[in-house]
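**Student:** sequence and predicted structure are below.
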Amino acid sequence: MYIANPIYDVVFKYLMEDAKVARLLISSIIGQEIELLDFSPKEFTVNIDETAIKTVKKYRKKKKDLSTLTVYRLDFAAKIKTPEGEKIVTIEIQKAKFAGDIMRFRRYLGDQYSNKKNVYEVIDEDGIRHEKACEIISIYFLGHELDNIRNIPVVKSPKTYIDVGTGKEINVKEYFIDSLNHESYTILIPALKAKRRNELEILLSVFDQSNCTDDDHILNVQEEDFQQKYRPLIRRLQKAASEPDVRKTMDLEDDIIGELAAKERNILMQKDIIRKERKLHREEEKKALKTIEEKEKTIEEKEKTIEEKEKTIEEKEKTIEEKEKTIEEKEKTIEEKEKTIEALKDALENLRKLTDSGTSK
């Protein structure tokens, strides 16, 4: 059976505009029964780079159409059945073709938390009406792989309560905590080709790009591979494949995505050039620092040598000074001895004179 490729925004939108199909897909992903789904989702779009539009000359007159193809998300209001009872939740579905879409996801999620319309009325035990914030469930369809999680088609990030003191999970639900946190499901489309472990992975195989025909817009699937309850979804995609407007819009989307992919490749190339230049600069800086360090070390060694020589000279000067002092002291001693000898000579001469004078008398 040939079906339209739901990785395209226009096909995904066509698929989710059917209330029964949207409820079936969302309910299967979150694993909860949806009693009521507002299947008139709010569609959010942003304008892409005008230069990207202008480069697609073939469709230059249709800028409005082109500008609504690259950023697409759907929001649903749903009443779901839980073990604790019924509750109203906001379900946000986003698709990403490029790995750089994470900031957009964060921004949209922030919009959901700050949106004053994401509330519903309840009547308490006293019959008083008041508003409660809708809990948020996010579903992300990624057309690219993650860095660390591989070959796992669906990843659930649940709201889990943990008693920090014991490390044990708390098995009750609390509105306050649930209102400030959200549950998310990430569908990794590249991993779908390797896994078919349960009903959900079988259902999501409609996104498996290994089923592409020669025309990337069309997938070839076997209807009998899907359970009877999922057949409406398959047939909806089959119908989309025969819709001229859908096929035409897929062509437009290919042009825009091709242009954006080229831009992303150019950005990556520029980043790679910058990274290489920075690496070269760091290596040159490292070499310069090493040279400076070696020179400083040489200078330090020379200064140390000079300091040691100065110390040796100082010690020699000190030794010379001590020797000169010793010589000076010896000279002083000799001088004193010479004075003593002179005095003795004078005394001896005087004694001789006295002796000679007495003899003559």
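**Tutor:** Structure received.

**Student:** from here on, just use CA atoms for contacts and neighbour counts.
**Tutor:** Noted.

**Student:** distance of the most centrally placed residue in the chain from Asp215?
**Tutor:** Centroid-nearest residue in the chain, with CA atoms, centre = their mean: Ile102, separated by 9.5 Å. Here Ile102 is placed at a distance of 29 Å from Asp215 (CA to CA, to the nearest Å).

**Student:** coming back round to it: in which helix or strand does the residue nearest to the centre of the chain reside?
**Tutor:** helix 102-114 (DSSP states H and E).

**Student:** mean confidence score for that helix?
**Tutor:** For helix 102-114, the mean pLDDT works out to 78.

**Student:** now it: buried residues?
**Tutor:** For helix 102-114, the neighbour count (16 or more other CA atoms under 10 Å) marks 105, 108-109, 112-113 as buried.

**Student:** got those residues as a markdown table, with distance to Ser27 columns?
**Tutor:** As requested, the buried residues of helix 102-114 are arranged in a markdown table below (distance: CA to CA, whole Å):
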| residue | distance to Ser27 |
| --- | --- |
| Phe105 | 22 |
| Tyr108 | 22 |
| Leu109 | 20 |
| Gln112 | 20 |
| Tyr113 | 22 |
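
**Student:** what about the helix holding Ile102, distance to the chain center?
**Tutor:** How far helix 102-114 lies from its chain's middle: 16 Å, per CA atoms, centre = their mean, to the nearest Å.

**Student:** where does the stretch 251-361 of the chain have low pLDDT?
**Tutor:** 257-264, 359-361 (pLDDT under 70).

**Student:** how about Ile30: what's its closest non-neighbour residue?
**Tutor:** Counting by CA to CA, 6 or more residues apart in numbering, Ile30 lies nearest to Tyr185, which is 7.5 Å off, once chain neighbours are set aside.

**Student:** just the strands in the stretch 101-250 of the chain please.
**Tutor:** Using DSSP state E, counting those that start in this stretch, the strands of the stretch 101-250 of the chain run over 119-123, 129-133, 135-142, 154-157, 162-163, 168-169, 183-188, 218-220.

**Student:** could you point out the longest helix in this structure?
**Tutor:** helix 244-360 (DSSP state H).

**Student:** other SSEs contacting that one?
**Tutor:** Packing contacts for helix 244-360, counted by 3 or more CA pairs under 8 Å, 6 or more residues apart in numbering; DSSP states H and E, involve helix 9-16, helix 50-55, helix 63-66.

**Student:** Leu15 against Arg236, yeah?
**Tutor:** Yes: between Leu15 and Arg236 there is a contact at 6.3 Å, judged by CA atoms under 8 Å.

**Student:** more neighbours, those two?
**Tutor:** Leu15 (23 against 18; other CA atoms under 10 Å).

**Student:** mind listing what the more buried one touches?
**Tutor:** Neighbouring residues of Leu15 by CA atoms under 8 Å, 6 or more residues apart in numbering: 6, 21-22, 233, 236-237, 240.

**Student:** separation between it and Ala241?
**Tutor:** Distance from Leu15 to Ala241, by CA to CA: 11 Å.

**Student:** from what I see, Leu74 and Ile93 are in contact.
**Tutor:** Yes: with contacts counted by CA under 8 Å, Leu74 reaches Ile93, the gap being 5.1 Å.

**Student:** joint contacts of those two?
**Tutor:** Counting by CA under 8 Å, 6+ apart, Leu74 and Ile93 have no contacts in common.

**Student:** export the helix holding Ile102 as CSV, just CAs?
**Tutor:** The C-alpha coordinates for helix 102-114 follow below in CSV (Å, rounded to 0.1, in the frame of the first residue of the first chain):
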residue,chain,number,x,y,z
ILE,A,102,16.0,22.5,20.7
MET,A,103,15.8,26.2,21.5
ARG,A,104,12.5,26.5,19.6
PHE,A,105,11.2,23.5,21.7
ARG,A,106,12.1,25.3,24.9
ARG,A,107,10.6,28.6,23.8
TYR,A,108,7.3,26.9,22.8
LEU,A,109,7.2,24.9,26.0
GLY,A,110,7.7,28.2,27.9
ASP,A,111,4.8,29.7,26.0
GLN,A,112,2.6,26.8,27.2
TYR,A,113,3.4,27.3,30.8
SER,A,114,2.8,31.1,30.6
